[in-house]
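Trainee: Using only what follows, build the 3D model:
(chains A and B)
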Number of protein chains: 2
Amino acid sequence: MSKDYIISQKATKENIKNIAKKLDINENNLEIYGNYKAKIKYENLKNNQKKSNLILVSAINPTPSGEGKTTVTIGLSDALNMIGKKSCVVLREPSLGPVLGKKGGACGGGYSQVVPMEDINLHFTGDMHAITTANNVISAYLDNHIFQGNKLNIKKIIFNRVLDINDRSLRHIEVATKNNGIQREDHFDITVASELMAILCLSENLLDLKEKISNILVAYDINDNPIYIKDLKIEGAITAILKDAINPNLVQTLENNPAIIHGGPFANIAHGCNSVIATKTALKCSEYVVTEAGFGADLGAEKFFNIKCRKADLRPEAVVLVATVRALKLHGGASYNELNEENINALKKGIQNLEKHIENMKKFNLPVLVSLNIFESDTNLELEIIDKWAIDNNVIYSKTEVFSKGGKGAIDLANKLINIIKNNKENFKLLYENNLSIFEKIKIICTEIYGANNVNYTEEALKEIKKIEKLGFSKLPICMAKTPLSLSDNKELKGRPRNFSVKITDVKLKAGAGFIVAYTNKILTMPGLSEEPNMQKIDIDKNGNIINIF
Amino acid sequence: MSKDYIISQKATKENIKNIAKKLDINENNLEIYGNYKAKIKYENLKNNQKKSNLILVSAINPTPSGEGKTTVTIGLSDALNMIGKKSCVVLREPSLGPVLGKKGGACGGGYSQVVPMEDINLHFTGDMHAITTANNVISAYLDNHIFQGNKLNIKKIIFNRVLDINDRSLRHIEVATKNNGIQREDHFDITVASELMAILCLSENLLDLKEKISNILVAYDINDNPIYIKDLKIEGAITAILKDAINPNLVQTLENNPAIIHGGPFANIAHGCNSVIATKTALKCSEYVVTEAGFGADLGAEKFFNIKCRKADLRPEAVVLVATVRALKLHGGASYNELNEENINALKKGIQNLEKHIENMKKFNLPVLVSLNIFESDTNLELEIIDKWAIDNNVIYSKTEVFSKGGKGAIDLANKLINIIKNNKENFKLLYENNLSIFEKIKIICTEIYGANNVNYTEEALKEIKKIEKLGFSKLPICMAKTPLSLSDNKELKGRPRNFSVKITDVKLKAGAGFIVAYTNKILTMPGLSEEPNMQKIDIDKNGNIINIF
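Mentor: This next block holds a predicted model:
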């Protein structure tokens, strides 16, 4: 099969105005970016789809190369359109960090892609750059405020700088080392992990965005009083910098179906969902809205429900869990380099990871459908084992071949999905109430979702929790920061770990976004580049086309 | 008069496709960004204007608030269109640093503006962000290369990080302070001062861009051998990141005439011209191309001629020098806070700054036209003094009122311009030959243009020059980095300084851009924010429109 970028470049794309028409969105409500990208002026939309079904696609704990969650999300929406349903896929935006750093894009793959994938993977419509800029303007303003006399008596800045790049060397830096300003320790996070990204994704409109920005906690003064952006009086300028970024982006799938892509990924270190505005725009305009939250459902789905759905009052109808034979074998003890070899024992043992995720999703009262994403290396015997397991355990499941076949490879999944939604009598519910204590909320997530016995806290984390309680922000939901490679906070523990503790190493209040981040173990908020980053391959051909991106 | 942003928002803008038609550019050669911005696919243009006149607008050494050079540039092009000539104004892109930091935009002012000014002043079409990203990806790659084993035996990285923000605290930093990578000193420059910006502006096309990127000197190894981007093998990826940024941007003036805006400002610390591609695109499509280079002609015009025109084989036809009564009084000894008061003595004395710039421009064999940009505070007596001086000295000059009247305020200037071009018999020439030594070239600029007696070098500068000579790059032109506030390298010396030395504190090879930067005195390559940055005022109104930007 061709490489992803070749399939993308050979695609017959429709003009974006025609794609918008499929959602009954008028040209006047578009801000066009070339022929194949547009921003939707969501606030003017009159569309009002009567009954729209919100579907979440998530996954088991993935291998480092991923299980095709995005590919299934795109393929499922294409399949729904193929069988006559009006469906829109809603994804998060790629980050340049992994695009340039790793091998594997964020636009799907094979014949289930959103296009133009090179544009989307690189700068797209500039949202990520706008967030990076807005964030670093706040940092520059804070340091300048101290330099110019420090009227607010700032003692400690807790707001970090960001870049949308994998840059290990910027994890810990010392700024103003030669008398140009006040020397202090700082950190660069990757942009997608920033509070501004979370705020952009959780805002209902531009004025709500401004309100949330004004509530960002950025520093403490000499009396340990909190200092918010509103105390700096720059929320207007920061909102102005994000004025265009708040509008969701419209593109298309390879099968010319609408795709809305907006807001940030990285469900390990951020809440990791695409924007509320994107989701609600799609819900207004189509019968089915297929969205994703990863890496695994322990991070992505949990936060999608408890943070995004709670805040935006969204009611998902069903969850699709993506699994692969390869990942199940990894969870059963096979080594990463041997996943292409048949390994029945490992497969049988690894299924417990999938079982735990199914159990977890049912705690939200949602019907679950498993998508077994087929790879060439899967053997008949391996597939039979999963068939049997599904029958024995009453699991509704479908084999998907979206990578090689596009929407056609998910027709069965689409039909089963429609069916389980029709037959479902239950109502979606959240896992915990906001008015529980911070400790109680973290414990519920760690025990109920991860399967931990208990939770430990470092001194630093305990101190921060006290501070947050004192400030009166304990009634916010929790945003866990945890490795995606295990149900636990230890990436080596595969399958379904039992009898383990989760270690909370730090806790941070994101008063603007409206959640509390709990950091587990040694989770990093700025990735590093590998020994052979993907950027070594990327090039342009003599016609100026990007080649070898993925 | 209304504020700039209100005039801009009330403007009747034409769809950008109609603006393109005025340059005979077909819709197929545009990449549309909304209704009022587009990128021009320059490489496909068949346009071939037979005789096109390139006009440079520059200025005397400005006051800190500027003399309206951009405003005159826009007004002059509007005036040329008004009297039936086909004219296109070509400007550099604003940097977010001063937009958020200072009071005064980069899109002109009053009734001589390019619009939509809020968009152009903020993210525009993302060029600046693309350059920031490309630059910082190189830095991340270099640090990662050392971290992953340092196959190239890098000893010293000389390539800096950048941000398009005024951020004093990032001038000197220490990266990797906690064992995440190799701890070392680094610097952030403002993006517009980066070598990548110069490269983007000096490239003829995408493949030329890639070639120039591959030649960037980024480090020295343990044997003091140079390491270029081509040794890292990431020139393809860096070019891909800049693939869209290389296309020039089309917008319009308030009078609906075409304006091309592309590439970076800051002629104090960069070569400071808009892109060669933008200029050549305009030359292909219109009879008159009015462009600018600032701050004063000592920096902007000198580099425009000796770097940009030399490299791109451009032949300007005339220079317009913008002066104001206010600035002339400053050069005659009036204090900055009293410039609105009549001061005949100061005015008479300050005219020598203008005289020196006129002399300088004649060294390039170009006809010179003075635009006296009228301010409300100018008195009749003051204006009469300049009238008399012009007659006595045979200076062709015109009073312009572009701020309050738009193109109408520059009709006389436009007519005089056409006239001096018609009557000019001389041919443009460069000030120095590239094959002189680095010392000789620097001396020629400092003595002939600045009026210095001699040039001193620090030990560091001398060492760097030796290094450059040894590497075989001494035959490149010089890019001076100097204060714009004086003809000398000391911002306090107003008027026409005499009997002074220029101090060269550092010299840097920009092998990719193809020039050698000579830094004078204490010039900074990363600005800081003032006590009350402009961002404190910027806001959005309840309809989501940006207000109070300028």
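
Trainee: Buried residues of stretch A:63-79, list them for me.
Mentor: The neighbour-count check on stretch A:63-79 (16 or more other Cβ atoms under 10 Å in any protein chain shown) flags A:63, A:66-79 as buried. (Each C-beta comes from the backbone N, C-alpha and C, glycine too.)

Trainee: Report the closest residue of the stretch 451-550 of chain A relative to chain B.
Mentor: Proximity of the stretch 451-550 of chain A to chain B (Cβ to the nearest Cβ) peaks at A:D539, 3.1 Å away.

Trainee: Identify the residue nearest A:N135 in space, chain neighbours excluded?
Mentor: Distance criterion Cβ to Cβ, 6 or more residues apart in numbering or on different chains; nearest residue to A:N135, sequence neighbours excluded, is A:V162 at 4.7 Å.

Trainee: burial measure for the one you found, as a count.
Mentor: 29 (other Cβ atoms under 10 Å in any protein chain shown).

Trainee: cool, and A:I7?
Mentor: Neighbours around A:I7, by other Cβ under 10 Å: 19.

Trainee: any idea how far it is from chain B?
Mentor: To chain B, A:I7 is 18 Å away according to Cβ to the nearest Cβ, to the nearest Å.

Trainee: what comes into contact with the helix or strand containing that residue?
Mentor: According to DSSP states H and E, A:I7 maps onto helix A:4-10. Outside helix A:4-10, the residues that touch it by Cβ atoms under 8 Å, 6 or more residues apart in numbering or on different chains are A:2, A:105, A:107, A:109-111, A:113, A:115-118, A:254, A:545-550.

Trainee: In CSV, could you pull the C-alpha coordinates for it?
Mentor: What follows is helix A:4-10, C-alpha atoms only, in CSV (Å, rounded to 0.1, in the frame of the first residue of the first chain):
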residue,chain,number,x,y,z
ASP,A,4,-0.2,8.0,3.8
TYR,A,5,1.1,11.3,2.2
ILE,A,6,0.9,9.8,-1.3
ILE,A,7,-2.7,8.6,-0.7
SER,A,8,-3.5,12.1,0.6
GLN,A,9,-1.9,13.9,-2.3
LYS,A,10,-3.6,11.7,-4.9
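
Trainee: Let me see the mean pLDDT of it.
Mentor: The average of the pLDDT scores along helix A:4-10 is 94.

Trainee: how far away is A:M361 from A:V368?
Mentor: As defined by Cβ to Cβ, to the nearest Å, A:M361 lies at a distance of 5 Å from A:V368.

Trainee: Need the overlap of contacts for the two.
Mentor: Common contacts of A:M361 and A:V368 (Cβ under 8 Å, 6+ apart): A:V319, A:L321.

Trainee: What's the local residue count around A:I158?
Mentor: 13.

Trainee: Repeat that for the one 3 residues further on.
Mentor: Counted by other Cβ under 10 Å, the residues lying close to A:R161 total 26.

Trainee: From B:V137, how far out is it?
Mentor: 16 Å.

Trainee: Narrow the contacts of helix A:4-10 to those that are buried.
Mentor: With burial judged by 16+ other Cβ under 10 Å, the buried subset of the contacts of helix A:4-10 is A:105, A:107, A:109-111, A:113, A:115-118, A:254, A:546-550.

Trainee: Narrow the residues you listed to those in strands?
Mentor: The strands, defined by DSSP state E, take in A:G109, A:Q113, A:V115, A:I546, A:I547 from those.

Trainee: shouldn't the fourth one be in contact with B:I241?
Mentor: No. If you go by Cβ atoms under 8 Å, A:I546 and B:I241 don't touch, sitting 9.5 Å apart.

Trainee: just checking, what's the longest helix in chain A?
Mentor: If you go by DSSP state H, chain A has its longest helix at helix A:127-147.

Trainee: Over that helix, what's the mean pLDDT, rounded is fine.
Mentor: The model assigns helix A:127-147 a mean pLDDT of 98.

Trainee: any idea how far A:A198 lies from A:E469?
Mentor: Taking Cβ to Cβ, one finds A:A198 at 21 Å from A:E469.

Trainee: between these two, who's got more neighbours?
Mentor: More neighbours surround A:A198 than the other of A:A198 and A:E469, with 27 against 14 (other Cβ under 10 Å).

Trainee: element containing the more buried one, please.
Mentor: Assigned by DSSP H and E, A:A198 falls in helix A:195-202.

Trainee: Give me the next element, helix or strand, following that helix.
Mentor: helix A:206-214.

Trainee: and the next element down the chain from that following helix?
Mentor: strand A:217-221.

Trainee: Just the CA trace of that next one, in CSV.
Mentor: C-alpha atoms of strand A:217-221 as CSV (Å, rounded to 0.1, in the frame of the first residue of the first chain):
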residue,chain,number,x,y,z
LEU,A,217,-3.8,31.7,38.3
VAL,A,218,-0.3,32.9,37.3
ALA,A,219,1.5,33.8,40.5
TYR,A,220,1.6,34.3,44.2
ASP,A,221,2.5,37.6,45.9
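
Trainee: helices and strands around that strand, which ones?
Mentor: Identification of packing neighbours for strand A:217-221 by 3 or more Cβ pairs under 8 Å, 6 or more residues apart in numbering or on different chains; DSSP states H and E yields helix A:127-147, strand A:154-157, strand A:226-228.

Trainee: and with 10 Å instead?
Mentor: helix A:127-147, strand A:154-157, strand A:226-228, helix A:229-232, helix A:459-471, strand A:501-510 (3 or more Cβ pairs under 10 Å, 6 or more residues apart in numbering or on different chains; DSSP states H and E).

Trainee: taking the mean pLDDT, what do you get for that strand?
Mentor: 98.

Trainee: which parts of that strand are buried?
Mentor: A:L217, A:V218, A:A219, A:Y220.

Trainee: Next, the contact list for the third one, please.
Mentor: To tie it back to what came earlier, the one meant is A:A219. Each residue near A:A219 by Cβ atoms under 10 Å, 6 or more residues apart in numbering or on different chains is listed here: A:142, A:145-146, A:152-159, A:225-228, A:231-232.

Trainee: Tell me the residues on the stretch 401-550 of chain A that lie near chain B, please.
Mentor: The stretch 401-550 of chain A has residues A:524, A:526, A:528-549 near chain B, with proximity defined as Cβ under 10 Å from any Cβ of the partner chain.

Trainee: pretty sure the residue of the stretch 451-550 of chain A closest to chain B contacts B:I241?
Mentor: No. A:D539 lies out of contact with B:I241 (Cβ atoms under 10 Å); the separation is 11.6 Å.

Trainee: More neighbours: which of those two?
Mentor: B:I241 (28 against 19).

Trainee: excluding its backbone neighbours, what's nearest the more buried one?
Mentor: Closest to B:I241 by Cβ to Cβ, 6+ apart is B:A134, at 4.3 Å.

Trainee: likewise A:E342?
Mentor: Per Cβ to Cβ, 6+ apart, closest to A:E342 is A:T379, 4.5 Å.

Trainee: Also A:N44?
Mentor: Using Cβ to Cβ, 6+ apart, the nearest residue to A:N44 is A:N29, at 5.3 Å.

Trainee: burial of the nearest residue to A:S437 once chain neighbours are set aside, as a residue count?
Mentor: Using Cβ to Cβ, 6+ apart and skipping residues adjacent in sequence, the residue nearest A:S437 is A:S474, 6.3 Å away. By the criterion of other Cβ under 10 Å, A:S474 has 20 neighbours.
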